[in-house]
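Asker: based on what follows, work out the 3D shape:
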Amino acid sequence: MSLEPDLLADRRRLRGRLTLWRGLAILALFGALALVFGSGARDALPGAQHVLRLPVSGTITEDRRVLEALDAAATDNSVRAVLVAIDSPGGTMAGGESLHTALARIARHKPVVAVMGATAASAGYMIAMPAQRVFARESTVTGSIGVLLQSVEISQLLDRLGIQPQVIASGPLKDQPSLFRPLTEEGRAALNRVIGDLYAQFVAIVAAGRHMDPERVRTLADGRVFTGRQALEAGLIDAIGGEREARAWLAAERQVPESLPIRDIETRSRAERLLSSATESIMKTLLSEWLGVDAPLAVWQPAR
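Answerer: Numbering: from 1, shown residues only. Presented below is the predicted three-dimensional model:
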């Protein structure tokens, strides 16, 4: 015997309320725990020996908390080695430089290995340079050694629309490049000098990291990407493989046992992790039990 439509609707509303209050209760619990432990306190790196993994994904920018964690790892005796897991198409030059410098400081005291995933290009390739051993998959896309500056100029479009931008600049190069007027020869020359200097820095980083002659690096640093196999042939990486091969190399060449656990670098406070866990739990509850079940059925019910 089927239930009346009004009774079904009441049951769904009741379940929705219960789910909401359940989520609020979970949030309140984690909030209380966060207050107990303190929002400002940070966990120290675990005392047991381990390999520290630094996952790098997405666009690379400068992250103060990551840099501080890496500086702490450089002098932490429980960190036997650092494994940099890269899956990034690149990012800002300054972001790549900051990570490269921090990893280079660690490499002076303990082993650093880099493992490239699907992509490790441009700044994603740069941050692998302090590693004593660089691994990539055969199909990894890497390289793209170079610097890029892009801009758009829409003055002709604005003319057609009858729009006349008014720009007041302190000098002829202050608004170069500009959306509102073509790049001048003087502006192009100035920007070329900036790009040229950044490019020279990138080439020097690769030359030092790969123990290559800078002229050899320049023949490879025309912005092209390489597969992992091509990069190995060109000397841009050391071996084909992933994390398993990196751990085997650490054990054989740097006496870092493969039995040691791997721990991801953690830059969030205990309170942030608790709140993040609470939020994730609430969202899963709401989406799976409330939105995922009741809402679609309340909106659309196929006729039987």
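Asker: all strands of the chain, in order?
Answerer: Secondary structure of the chain by DSSP state E: the strands cover 50-60, 79-91, 112-121, 133-136, 141-143, 225-227, 239-240, 262-264.
Asker: what average pLDDT does the longest one get?
Answerer: Model confidence over strand 79-91, given as mean pLDDT, is 96.
Asker: so in that sheet, which strands flank that strand, and in what orientation?
Answerer: For strand 79-91, the pairing partners within the sheet under DSSP bridges are strand 50-60 (parallel), strand 112-121 (parallel).
Asker: okay, the ones you listed in TSV with mean neighbour count next?
Answerer: In short, each C-beta sits where N, CA and C put it, glycine included. Formatted as TSV, the entries for the strands paired with strand 79-91 read as follows, by neighbours: other Cβ atoms under 10 Å:
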stretch	mean neighbour count
strand 50-60	18
strand 112-121	24
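Asker: who wins for proximity to residue 220 among the ones you listed?
Answerer: Go through these one by one with Cβ to Cβ and the one that ends up closest to residue 220 is strand 112-121, at 12.9 Å.
Asker: switch the strands paired with strand 79-91 over to JSON lines; also include distance to residue 78 and mean pLDDT.
Answerer: Compiled in JSON lines, the strands paired with strand 79-91 are given as follows (distance: least, Cβ to Cβ, whole Å; pLDDT from 0 to 100):
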{"stretch": "strand 50-60", "distance to residue 78": "6", "mean pLDDT": "95"}
{"stretch": "strand 112-121", "distance to residue 78": "16", "mean pLDDT": "96"}
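Asker: for residue 98, which of these is the nearest?
Answerer: Between residue 98 and those, the shortest gap by Cβ to Cβ is with strand 50-60, which sits at 9.0 Å.
Asker: who touches that closest one?
Answerer: Under the criterion Cβ atoms under 8 Å, 6 or more residues apart in numbering, residues 45, 66, 70, 73, 78-92, 95-96, 99, 103, 123-124, 127, 247, 250, 256, 260-265 lie in contact with strand 50-60.
Asker: coming back round to it: let's have the strands of the chain in a markdown table, adding distance to residue 219.
Answerer: As requested, the strands of the chain are arranged in a markdown table below (distance: least, Cβ to Cβ, whole Å):
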| stretch | distance to residue 219 |
| --- | --- |
| strand 50-60 | 25 |
| strand 79-91 | 20 |
| strand 112-121 | 18 |
| strand 133-136 | 19 |
| strand 141-143 | 12 |
| strand 225-227 | 13 |
| strand 239-240 | 22 |
| strand 262-264 | 37 |
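Asker: for residue 191, find the nearest of the ones you listed.
Answerer: Comparing the strands of the chain by their distance to residue 191 (Cβ to Cβ), the top pick is strand 79-91, with 19.2 Å.
Asker: send the alpha carbons of that closest one over as CSV?
Answerer: Only the C-alpha atoms of strand 79-91 are listed here, as CSV (Å, rounded to 0.1, in the frame of the first residue of the first chain):
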residue,chain,number,x,y,z
VAL,A,79,63.1,14.2,7.8
ARG,A,80,65.5,11.8,6.1
ALA,A,81,64.7,12.9,2.5
VAL,A,82,62.3,15.1,0.5
LEU,A,83,60.3,13.8,-2.4
VAL,A,84,58.9,16.5,-4.7
ALA,A,85,55.8,15.2,-6.5
ILE,A,86,55.2,17.6,-9.5
ASP,A,87,52.0,17.8,-11.6
SER,A,88,52.0,21.4,-12.8
PRO,A,89,52.0,23.3,-16.1
GLY,A,90,54.1,26.1,-14.5
GLY,A,91,53.4,29.4,-12.9
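Asker: just the buried residues of that strand, please?
Answerer: Under the neighbour-count criterion of 16 or more other Cβ atoms under 10 Å, strand 79-91 has 79-91 buried.
Asker: quick check: beta-bridge partners of the closest residue to residue 73 other than its chain neighbours?
Answerer: When the adjacent residues along the chain are set aside, residue 73 lies closest to residue 79, with 4.7 Å between them (Cβ to Cβ, 6 or more residues apart in numbering). Beta-bridge pairing of residue 79 under DSSP bridges involves residue 50.
Asker: tell me which of the strands of the chain lies nearest to residue 164.
Answerer: It is, among the strands of the chain and with distance given as Cβ to Cβ, strand 50-60, at 35.3 Å.
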